[in-house]
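Visitor: Fold the following and give me the result.
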Amino acid sequence: HDVAARVADAGAGMVSPRGNIEANGLREQIESLLYNSTYRTAARRVGLVLRAAGGTPRAADLIELTLDAGVAHLSDDVWRLPWHAERSLDVIAFVIAMQCVL
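Guide: All right, here's what the predicted structure looks like:
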């Protein structure tokens, strides 16, 4: 669902409601995507950006890298700062110390 939201945010598509979707509603959405030039223009723009970033080969490399390395390094826990740094107390203490010295 996250990918669909990103595509919709880029103007290149739309998000269909989850659950019960009526055939007529789905048909209207598909026709809108096919025949509304706004979606086509946005999709071309997204395609240009993706190709400039390396396209399908780069995406495949990133997927393989993630499969090899895992995703633990992407979790917030790995990047968790000490409590004082999380609240910027170390920076505040440094600024106060500099003011006292100067």
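Visitor: When you work out contacts or count neighbours from here on, use the C-alpha atoms and nothing else.
Guide: OK.
Visitor: neighbours of S37, just the number please.
Guide: When neighbours are counted by other C-alpha atoms under 10 Å, S37 registers 12.
Visitor: What segments of the protein are helices?
Guide: 2-9, 23-35, 37-52, 55-69, 83-86, 89-101 (DSSP state H).
Visitor: Which one of those helices has the poorest average confidence?
Guide: Ranked by mean pLDDT, the helices of the chain end with helix 83-86 at the bottom, a mean of 67.
Visitor: on that earlier part again, okay, the helices of the chain in TSV with distance to S16 next?
Guide: What follows is the helices of the chain, written out as TSV (distance: least, C-alpha to C-alpha, whole Å):
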stretch	distance to S16
helix 2-9	9
helix 23-35	8
helix 37-52	15
helix 55-69	25
helix 83-86	39
helix 89-101	46
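Visitor: Quick one, which of these gets closest to P17.
Guide: For those, the distance to P17 is smallest for helix 23-35, at 9.8 Å, taking C-alpha to C-alpha.
Visitor: now the closest one against helix 37-52, angle please.
Guide: Counting by axes from the mean of the first three to the mean of the last three C-alpha atoms, to 10 degrees, helix 23-35 lies at 60 degrees to helix 37-52.
Visitor: Quick one: list the elements packing against helix 23-35.
Guide: Judged by 3 or more C-alpha pairs under 8 Å, 6 or more residues apart in numbering; DSSP states H and E, helix 23-35 is in contact with helix 37-52.
Visitor: roughly how far out does the helix it packs on sit from the chain middle?
Guide: Centroid separation for helix 37-52 versus its chain: 16 Å, with C-alpha atoms, centre = their mean, to the nearest Å.
Visitor: ok, and for that helix, which residues are buried?
Guide: By 16 or more other C-alpha atoms under 10 Å, the buried positions in helix 37-52 come out as Y39, R40, A42, A43, V46.
Visitor: quick one: the nearest residue to the fourth one once chain neighbours are set aside and L33, what's the gap?
Guide: The spatial neighbour of A43 that comes closest, neighbours along the chain excluded (C-alpha to C-alpha, 6 or more residues apart in numbering), is A12 at 4.6 Å. Separation of A12 from L33 (C-alpha to C-alpha, to the nearest Å) stands at 8 Å.
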